[in-house]
Each structure stands twice: as C-alpha cells, then as structure tokens.
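Undergrad: When you get a sec, could you give me coordinates for this:
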Amino acid sequence: MKDLNTYGTYPTDYDLFTKLGLNKFKEIPNWSSVRVGKTTLFECNIEIWVEGCPAQFWTINIEFGDGSKKRVSTGSGTLSEYWKSIEDICSGCLVVDII
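TA: So this is what the prediction gives:
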C-alpha cells in the first residue's frame, strides 16, 4: 500500500527528469518543499522546486540571459504537464506581463 504521508517523483516524469539531469526523489514528507535541481534551456538558468501533499505543485525559477527573472508556480500535476509552457517562456514564445 502506498504511504499517503509522503510523496515521490511521478513515474511519468522519469524520462523528463533524466533528460534534464534532475534528481528523482522519494519518501518526502507531505507539505515539504524539495529542490529538484537546476537545468539550462536556451539562454535560461532554471531552478525547479516541488511541494507535495502528495499531489505535486511546482515552482520554477527562471533567470534569463539578460539577468531578468521570473517565477512560475503551477497547480497540481506532473512536471511533464507543465514543461512545454516552461520551454515556451524560455524561448520567448509565451510572455506573461503584470498589468
């Protein structure tokens, strides 16, 4: 039986984690944040955090080549579900401005 007091990397994220060089995690106490790792995409440095309960919520800090920074926070789901949007933000295809 699965321990509902902890969370770990979703199996559907294994391939993406390997591709990005991120650390898989397991048996993290609910409501704890874990730094999954850093990666580079285009000219962006990306730091990825997750918090689980056991559903997973992602925080992605992006530092662009010009030194500007953005933080993306997600609803629950896999990192794989959100990764295309992160790619689009880093490539400049998706821009979110505060108005």
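Undergrad: ok, which stretches of the chain are strands?
TA: 6-7, 28-29, 33-41, 44-52, 56-63, 69-76 (DSSP state E).
Undergrad: Could you please name the strands the fourth one pairs with and the direction of each pair?
TA: Looking at strand 44-52 with DSSP bridges, its paired strands and their directions are strand 33-41 (antiparallel), strand 56-63 (antiparallel).
Undergrad: What distance do you get for residue 25 to residue 12?
TA: According to Cβ to Cβ, to the nearest Å, residue 25 stands 15 Å off from residue 12. C-beta: built from backbone N, CA, C; applies to glycine.
Undergrad: These two: which is more packed in?
TA: Just comparing residue 25 and residue 12: by other Cβ atoms under 10 Å the higher neighbour count belongs to residue 25, 17 against 12.
Undergrad: Report the separation between that one and residue 6.
TA: Residue 25 is 10 Å from residue 6, by Cβ to Cβ.
Undergrad: Please apply the same query to residue 64.
TA: Residue 64 is 35 Å from residue 6, by Cβ to Cβ.
Undergrad: now swap in residue 79 and tell me
TA: As for residue 79, its distance to residue 6 is 18 Å (criterion: Cβ to Cβ).
Undergrad: any weak-confidence spans in the protein?
TA: Within the chain, the stretches with pLDDT under 70 are 1-3.
Undergrad: Could you work out the end-to-end span of stretch 92-99 for me?
TA: For stretch 92-99, the first-to-last residue distance is 18 Å (Cα to Cα, to the nearest Å).
Undergrad: next one: stretch 48-60
TA: Start-to-end, stretch 48-60 (Cα to Cα) is 5 Å.
Undergrad: And it, what's buried?
TA: By 16 or more other Cβ atoms under 10 Å, the buried positions in stretch 48-60 come out as 48, 49, 50, 51, 52, 54, 56, 58, 59, 60.
Undergrad: what would the residues you listed look like in CSV with distance to residue 69?
TA: Output for the buried residues of stretch 48-60, formatted as CSV (distance: Cβ to Cβ, whole Å):
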residue, distance to residue 69
48, 14
49, 14
50, 19
51, 20
52, 25
54, 29
56, 23
58, 16
59, 13
60, 11
